[in-house]
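Engineer: okay, sequence plus prediction incoming.
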Amino acid sequence: MGEAETQGHGGEFRRWGVLGAGAWGTALAQVLVRAGRNVTLWAYEADLVEAINTRHENDLYLPGVALEPGLRATSDLAAMADADALLLVTPAQHLRRMAGGLRPFLRGGTPAIICSKGIEQGTGRLMAEMLAEALPQAVPAVLSGPSFAREVAEGLPTAVTLACADKEMAGKLARSIGLPTFRPYISSDLIGVEIGGAVKNVLAIACGIVDGKRFGASARAALTTRGFAELTRLALALGGRAETLAGLSGLGDLVLTCNSPQSRNMSLGMALGKGQVLAQVLGERISVAEGVFTATAVRDLARTKGIDMPIVEAVAAIVTGEASVDQSIDALLARPFTSES
């Protein structure tokens, strides 16, 4: 199917489907409605669909934020069939299943922008690689960057990276979703954008542990910097570009996520640093801290590529119960002195 057939009149992406009505999916749906698009938000929970459609609120994942009246929710995947473009905002480990469910309905050549940040457990697939397997008729793209859902939903200024192998397509998508207060910068480096978004969640857990242990701002800055070196090594080994990692979806997202308790991953790390048990912390939350599931996937991928990622190794050992927080900290501090580069 040609481009003119998969887009609205005039070559614009007018009809959008957003898969996943968590905080981030709802916030992005808000952006699209404000940009003048026709938006259908898919949610699993029937009660949530009703709340969005009748009360214009998502009191489960984004309480206190008034939703745009033009935002329409559904629990029917078939409603995505007439979308010109999609945002995929389900948790990373559920994306393959969601993509498979979409397969009977999606037209060929439809752009599907991955907004989930993670690496698939078991396969080590990046999200775009997994999408190519589960939903081959889609044109994969990735959106990532320093952004908190509540701030985006409330219309506060935010900048992100939107990557697609077809840079012309990336530009069209950015113009369709962009606002003065939501600024997508385009890229063709899907690998760099994905690695930046996935690995920073693991590093944010580590930085949260540093804060929970009251090790100080200097230690957090050092951990963030050395974590960025690990992130960069892996991305470059997989074919990502250094300039991408130094941008919004790499360094920018890392700085935000590693320095604010508003981050789900950092706040989880803080709880672990204060002595709480992981199962207890997860049991008290309805939102997913992607770094918990990504840590082992990144560790395994790095090992297969021969990439040294000691901070990621430490977080993976903690979340799997292979080592305690204190044992992991001691192991990092006992590493030999070496060159920075």
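Structural biologist: Ah, there it is. A quick note: this is a predicted structure, and the numbers were derived from the prediction, not measured.
Engineer: show me where the protein dips below the pLDDT cut-off.
Structural biologist: Within the chain, the ranges that satisfy pLDDT under 70 run 1-11.
Engineer: got the buried residues for stretch 61-70?
Structural biologist: By neighbour count with 16 or more other C-beta atoms under 10 Å, stretch 61-70 contains the buried residues Tyr61, Leu62, Val65, Leu67. For the C-beta atoms, the positions are set from N, CA and C on the backbone; glycine is no exception.
Engineer: so where do the strands sit in the chain?
Structural biologist: If you assign secondary structure with DSSP state E, the strands in the chain sit at 15-19, 38-42, 72-74, 85-88, 111-114, 139-144, 158-164, 182-187.
Engineer: distance from the chain centre to stretch 124-137, please.
Structural biologist: Mean C-alpha position of stretch 124-137 versus that of the full chain (C-alpha atoms, centre = their mean, to the nearest Å) differs by 15 Å.
Engineer: endpoint to endpoint, that stretch covers what distance?
Structural biologist: Distance across stretch 124-137, first residue to last, is 22 Å (C-alpha to C-alpha, to the nearest Å).
Engineer: so who does Ala46 touch?
Structural biologist: The contact partners of Ala46, taken as C-beta atoms under 8 Å, 6 or more residues apart in numbering, are Ser75.
Engineer: any idea how far Ser75 is from it?
Structural biologist: 6 Å (C-beta to C-beta, to the nearest Å).
Engineer: what do you get for Gln121?
Structural biologist: Look at Gln121 and Ser75: by C-beta to C-beta, they are 26 Å apart.
Engineer: cool, and Gly124?
Structural biologist: Using C-beta to C-beta, Gly124 is found at 32 Å from Ser75.
Engineer: got it, and Ala204?
Structural biologist: Relative to Ser75, Ala204 is positioned 31 Å away (criterion: C-beta to C-beta).
Engineer: in terms of residue numbering, what are the domains of this protein?
Structural biologist: 3-188, 191-333 (automatic domain parsing).
Engineer: what comes up buried for stretch 248-260?
Structural biologist: Neighbour-count burial for stretch 248-260, with 16+ other C-beta under 10 Å as criterion, is recorded at Leu248, Ser249, Gly250, Leu251, Gly252, Asp253, Leu254, Leu256, Thr257, Cys258, Asn259.
Engineer: tally of neighbours for the residue lying closest to Cys258 once chain neighbours are set aside?
Structural biologist: The shortest distance from Cys258 to any residue that is not its chain neighbour, by C-beta to C-beta, 6 or more residues apart in numbering, is 4.1 Å, and that residue is Cys207. By the criterion of other C-beta atoms under 10 Å, Cys207 has 29 neighbours.
Engineer: re earlier: more neighbours, Ala204 and Ser75?
Structural biologist: Ala204 (30 against 14).
Engineer: which one of the domains of the chain lies nearest to Ser339?
Structural biologist: Closest to Ser339 of these is domain 191-333 (C-beta to C-beta; 11.0 Å).
Engineer: just grab the bridge partners of the closest residue to Arg37 other than its chain neighbours for me.
Structural biologist: Of all residues not flanking Arg37 in the chain, Trp16 sits nearest, at 5.0 Å (C-beta to C-beta, 6+ apart). Trp16 forms beta bridges with Val39, Ala85, as assigned by DSSP bridges.
Engineer: distance of Trp16 relative to His94?
Structural biologist: 20 Å.
Engineer: neighbour-wise, which of these two wins?
Structural biologist: Trp16 (27 against 14).
Engineer: wait, that one sits on Thr40?
Structural biologist: Yes. Look at Trp16 against Thr40 with C-beta atoms under 8 Å: they come within range, at 7.3 Å.
Engineer: shared neighbours of those two, which are they?
Structural biologist: Residues touching both Trp16 and Thr40 (C-beta under 8 Å, 6+ apart): Ala83.
Engineer: out of the strands of the chain, nearest to Ile318?
Structural biologist: When those are compared (using C-beta to C-beta), the closest one is strand 139-144, at 24.6 Å.
Engineer: relative to that closest one, what are the paired strands and their orientations?
Structural biologist: strand 111-114 (parallel), strand 158-164 (antiparallel).
Engineer: mind checking which of those is nearest Ala237?
Structural biologist: Each of the strands paired with strand 139-144 was checked against Ala237 via C-beta to C-beta, and the shortest separation belongs to strand 158-164, namely 18.2 Å.
Engineer: just the C-alphas of that closest one, formatted as PDB.
Structural biologist: Taking Å, rounded to 0.1, in the frame of the first residue of the first chain, the C-alpha atoms of strand 158-164 are listed here in PDB:
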ATOM      1  CA  THR A 158       9.500  19.300  26.500                       C
ATOM      2  CA  ALA A 159      11.900  18.100  23.700                       C
ATOM      3  CA  VAL A 160      12.300  14.600  22.500                       C
ATOM      4  CA  THR A 161      14.000  12.600  19.700                       C
ATOM      5  CA  LEU A 162      11.900  10.900  17.000                       C
ATOM      6  CA  ALA A 163      13.900   8.400  15.000                       C
ATOM      7  CA  CYS A 164      13.000   6.600  11.800                       C
END
